[in-house]
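Colleague: got a structure for you, letters missing:
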């Protein structure tokens, strides 16, 4: 799991956002919010699957 997270970490210093115009910054924020919403939906889905499995099998793990 940690190897997968390491692959997702940025390797460079990141974009030079201080030079971006306001419209580009707003678009970047919108894209990041959309990505966060996507990840939160995946987390919620996994949480419901985990809850269903726990209800079925109990807390015997």
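Modeller: Cool, the structure landed. Just so we're clear, the structure is a prediction, and the values are computed from it rather than from any experiment. Residues are numbered from 1 along each chain as shown.

Colleague: and the longest helix along the chain, what does it pack onto?
Modeller: For the chain, the helix reaching the highest residue count under DSSP state H is reported as helix 22-57. On a contact count with 3 or more CB pairs under 8 Å, 6 or more residues apart in numbering; DSSP states H and E, helix 22-57 meets no helix or strand. Any C-beta I mention is one placed from the backbone N, CA and C, and that applies to glycine too.

Colleague: Give the rounded mean pLDDT of it.
Modeller: For helix 22-57, mean pLDDT is 90.

Colleague: shift numbering so it begins at 235
Modeller: Sure, I'll start numbering at 235, so the last one becomes helix 256-291.

Colleague: quick one: the residue nearest to residue 254 when sequence neighbours are not counted from residue 269, how far?
Modeller: Once flanking residues are discounted, residue 254 sits nearest to residue 262: 7.3 Å by CB to CB, 6 or more residues apart in numbering. To residue 269, residue 262 is 11 Å away according to CB to CB, to the nearest Å.

Colleague: Those two - which one has more neighbours?
Modeller: When neighbours are counted by other CB atoms under 10 Å, residue 262 comes out ahead of the other of residue 262 and residue 269, with 13 against 10.

Colleague: That one and residue 282, how far apart?
Modeller: 31 Å.
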